[in-house]
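1. heads up, no residue letters with this:
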């Protein structure tokens, strides 16, 4: 018993070391047919109908020739964290209708390898509980997923904030930034954010109740930090790197912490920005923590959900998602991450 | 009863923000007379005959107009950590002949304020015990003092090395670097150092038994690191900052640690070097710890001495000191710190 369906997707066609990827040159939407059948599966594999894919600026790095991930290779479908529903299973621990979270392809249906299926087990019960609890499934790719968890671990595990400290967040309306700011407010910090357009600044000030926020495209960041952080910055949550990091360094207080969790401004650039103010690290005993969230699930994901879900239910957390429908629109949606068109 | 003696010294005469200080312009040797008498002291003060002053590149920063330490002010004598002998005391806890370690002036005799006298109490018993134990008093300004303690805390408290990891140390023959390397050897690490002349490289290889070392003035640092650290760097102990840091970043392994404990290459420079490779911090989950040693005496100095003194007695630690005699030679000796003329 098998049904033929479309399984259109996006193929990674050419590595690119600097500059913005181009549609059809570096990645390409293709139309394919596919037979939905248990016969396509080997032992322990499952077949997923993909529902959500989360497009992450980090994929840009994986498109470089010296990338780090074996699964991101030219000729294959692009990959992303995503959520889908099991349509066929040859794995004892999964059955039709189960919700799966893991690495999927940019395509309509993905066949999941036994190793990746095993990784997915980590989230199975959490997802089930949350869905029963009425929590939006897509939140597991945002507020309760990698971005939200990055915010939580970066802020609470690494930066260890103290009440009344000042935190500055760049790309503050982004997937990570908006969660950092809200947790920081809950923990009693003074929260300042920057973003690249007035709607985002407005959202930070009026919806998320940041203490202050500015549009870095309209106001010089150095001047804005002087005005919004007159007592200096204790924690800089750095989602962009480059010049913003360089300027923020000069506003840091003694024993400040910098969380470096993305350097989006450097992903596409042909000439890398040189950060000149690292001398303050020594003078002010500053720590910069470079982090990737994959290291922390085992230890902290459980307590993350235990804190976040009640905050969410109590209305203490908001989260804006930007949805784009249709796999054919994925390439442009990805590029829009780098021009600030998306809200998050 | 009072004796008139010379109390020549070096005065800080003009702030300097970039470039190398000039003798007679920014600091100046002067000849003075001074009456040694208890009458010069207020309650709780002590008078010290200075024996050793430790000249530290860090003083260069304190000569900038935006310096951080109130005691470093134009018109006053230059300051340095040092060791001296009490000649008069109006403080119950100190008597003539006691050995004092603390902030002294670049001069022959220094009057010590009650606050600074109190700080000095921390070291009093340690010094007494060490002298009774036959340990060279000057070591408390080097191997067993701030530089050695910086090495110990930076390596063991911050970087937390694991056996068989690779450490790269810049300015490895310097006051801090040579101790870092030797402790790292004791802890079973693979130790690579760079220095600016062949005699220093020879010392690292043949006296301190580093696994490898190179002269960065003769060999390109990137090439040298490729050859000496083929499996990458787990810990970079950064005594220089600037371009060396930028290059070292590209050789770091996953979860590497960078100890930033001096950026000597940036102290005098008119144009600051821009570090371009900070993106690796995120990709490789790297932590950079900026440290100043003053924060750590309370917690770690005792265990530092308990580990270091036996290593010293067992011949596991060597330490090269560079002595310059006469306060009139202090200004040039200080400048020589920046041209690599001193061995340490």
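-> Structure's in. What do you need? All values derive from a computational prediction rather than experimental measurement.
2. ok, residue A:207 - contacts?
-> residue A:318 (Cβ atoms under 8 Å, 6 or more residues apart in numbering or on different chains). Where C-beta positions appear, they are placed from N, C-alpha and C, glycine not excepted.
3. actually residue A:205, sorry about that
-> Contacts of residue A:205 by Cβ under 8 Å, 6+ apart are A:212-213.
4. any idea how far it is from chain B?
-> Distance of residue A:205 to chain B, computed by Cβ to the nearest Cβ, to the nearest Å: 28 Å.
5. three-state assignment of that residue?
-> helix (DSSP: H, G, I helix; E, B strand; the rest coil).
6. How about the residues of chain A by chain B?
-> Neighbours of chain B within chain A, by Cβ under 8 Å from any Cβ of the partner chain: A:61, A:68, A:241, A:245, A:260-263, A:266, A:272-292, A:295.
7. Select only the buried ones of those residues in ChimeraX?
-> Restricted to buried positions by 16 or more other Cβ atoms under 10 Å in any protein chain shown, the ChimeraX selection for those reads:
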select /A:61,241,245,260,261,262,263,266,272,273,274,275,276,277,278,279,280,281,282,283,284,285,286,287,288,289,290,291,292
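8. Out of the residues of chain A next to chain B, which sit inside helices?
-> A:61, A:245, A:279-283 (DSSP state H).
9. Distance to residue A:90 and pLDDT for these - can I get that in JSON lines?
-> Compiled in JSON lines, those are given as follows (distance: Cβ to Cβ, whole Å; pLDDT from 0 to 100):
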{"residue": "A:61", "distance to residue A:90": "34", "pLDDT": "83"}
{"residue": "A:245", "distance to residue A:90": "48", "pLDDT": "96"}
{"residue": "A:279", "distance to residue A:90": "58", "pLDDT": "89"}
{"residue": "A:280", "distance to residue A:90": "56", "pLDDT": "92"}
{"residue": "A:281", "distance to residue A:90": "53", "pLDDT": "93"}
{"residue": "A:282", "distance to residue A:90": "57", "pLDDT": "90"}
{"residue": "A:283", "distance to residue A:90": "60", "pLDDT": "85"}
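10. between those residues, which is nearest chain B?
-> Nearest to chain B out of these is residue A:281 (Cβ to the nearest Cβ; 3.1 Å).
11. For the closest one, which non-adjacent residue is closest in space?
-> residue B:290 (3.1 Å; Cβ to Cβ, 6 or more residues apart in numbering or on different chains).
12. SS state for the most centrally placed residue in chain A?
-> Per Cα atoms, centre = their mean, the C-alpha nearest to the average position across chain A is that of residue A:147, at 4.0 Å. Following three-state DSSP, residue A:147 is assigned to helix.
13. Can you tell me how far it is from residue B:335?
-> 52 Å (Cβ to Cβ, to the nearest Å).
14. Not counting its neighbours along the chain, what's nearest the residue of the stretch 201-344 of chain A found nearest chain B?
-> Here the residue of the stretch 201-344 of chain A nearest chain B is residue A:274; by Cβ to the nearest Cβ that distance is 1.8 Å. Spatially, and ignoring its direct neighbours in sequence, residue A:274 is nearest to residue B:274 (1.8 Å; Cβ to Cβ, 6+ apart).
15. and that neighbour, what does it touch?
-> A:273-276.
16. Where does pLDDT dip in the stretch 151-300 of chain A?
-> A:263-270 (pLDDT under 70).
17. try 90 this time
-> Within the stretch 151-300 of chain A, the stretches with pLDDT under 90 are A:175, A:261-272, A:279, A:283, A:292-295.
18. Strands of that one, start to end?
-> Under the criterion DSSP state E, counting those that start in this stretch, the stretch 151-300 of chain A contains strands at A:166-169, A:190-195, A:212-215, A:233-238, A:252-260, A:287-290.
19. what packs against the lengthiest strand in chain A?
-> Longest strand of chain A, by residue count under DSSP state E: strand A:79-89. Applying 3 or more Cβ pairs under 8 Å, 6 or more residues apart in numbering or on different chains; DSSP states H and E, one finds that strand A:79-89 contacts strand A:46-54, helix A:59-62, strand A:99-105, strand A:109-112.
20. As TSV, those with distance to residue A:134 would be great.
-> TSV is the format used below for those (distance: least, Cβ to Cβ, whole Å):
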stretch	distance to residue A:134
strand A:46-54	17
helix A:59-62	31
strand A:99-105	14
strand A:109-112	27
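21. Nearest to residue B:35, out of these?
-> Residue B:35 lies closest to helix A:59-62 among the helices and strands packed on strand A:79-89, at 70.0 Å (Cβ to Cβ).
22. Packing partners of that closest one?
-> Against helix A:59-62 (3+ Cβ pairs under 8 Å, 6+ apart) you get strand A:79-89.
23. tally of neighbours for residue A:220?
-> 11 (other Cβ atoms under 10 Å in any protein chain shown).
24. State the distance from it to residue A:194.
-> When residue A:220 is compared with residue A:194 (using Cβ to Cβ), they lie 11 Å apart.
25. And residue A:137, by the same measure?
-> 31 Å.
26. Between the two, which is the more surrounded one?
-> residue A:194 (29 against 16).
27. contacting residues for the closest residue to that one other than its chain neighbours?
-> Nearest in space to residue A:194, with sequence neighbours left out and distances taken as Cβ to Cβ, 6+ apart, is residue A:216 at 4.6 Å. Residue A:216 makes contacts with A:170, A:194-196, A:224, A:244, as judged by Cβ under 8 Å, 6+ apart.
28. next one: residue A:280
-> Here residue A:280 is in contact with A:249-250, A:252, A:286, B:290 (Cβ under 8 Å, 6+ apart).
29. ok, and what's touching stretch A:288-296?
-> A:146, A:149-150, A:153-154, A:157-159, A:257-261, A:281, B:280-288, B:290.
30. One more pass at 6 Å, please.
-> Residues outside stretch A:288-296 that contact it (Cβ atoms under 6 Å, 6 or more residues apart in numbering or on different chains) are A:146, A:149-150, A:153-154, A:158, A:258-261, B:281-282, B:285-288.
31. again, but for stretch A:166-177
-> A:142, A:147, A:150-151, A:180-181, A:184, A:189-195, A:200, A:203-204, A:229, A:233-240, A:244, A:344.
32. sorry, back to before: partners of the longest strand of chain A, with directions?
-> strand A:46-54 (antiparallel), strand A:99-105 (antiparallel) (DSSP bridges).
33. In a markdown table, list those strands along with mean neighbour count.
-> Below are the strands paired with strand A:79-89 laid out as a markdown table (neighbours: other Cβ atoms under 10 Å in any protein chain shown):
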| stretch | mean neighbour count |
| --- | --- |
| strand A:46-54 | 22 |
| strand A:99-105 | 23 |
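34. Using CSV, please lay out the ones you listed together with mean pLDDT.
-> Converted to CSV, the strands paired with strand A:79-89 look like this (pLDDT from 0 to 100):
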stretch, mean pLDDT
strand A:46-54, 96
strand A:99-105, 96
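35. Reformat those as TSV; add distance to residue B:326.
-> Listed next are the strands paired with strand A:79-89 as TSV, based on distance: least, Cβ to Cβ, whole Å:
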stretch	distance to residue B:326
strand A:46-54	69
strand A:99-105	69
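36. who wins for proximity to residue B:7 among those strands?
-> Closest among those, using Cβ to Cβ: strand A:46-54, at 71.3 Å.
37. what does the closest one rub up against?
-> By Cβ under 6 Å, 6+ apart, strand A:46-54 touches A:41, A:80-89, A:91, A:94, A:100, A:104, A:108-112, A:117, A:138, A:141.
38. Tell me the buried residues within those residues.
-> Here, 16+ other Cβ under 10 Å leaves A:41, A:80-84, A:86-89, A:91, A:94, A:100, A:104, A:108-112, A:117, A:138, A:141 buried among those.
39. re earlier: please report the distance of the residue of the stretch 201-344 of chain A closest to chain B from residue A:241.
-> 11 Å.
40. do residue A:235 as well
-> 16 Å.
41. In chain A, which helix is the longest?
-> Per DSSP H, chain A has its longest helix at helix A:114-132.
42. In that one, which of the residues would be classed as buried?
-> Buried residues in helix A:114-132 (16+ other Cβ under 10 Å): A:116-117, A:120, A:123, A:126-127, A:130.
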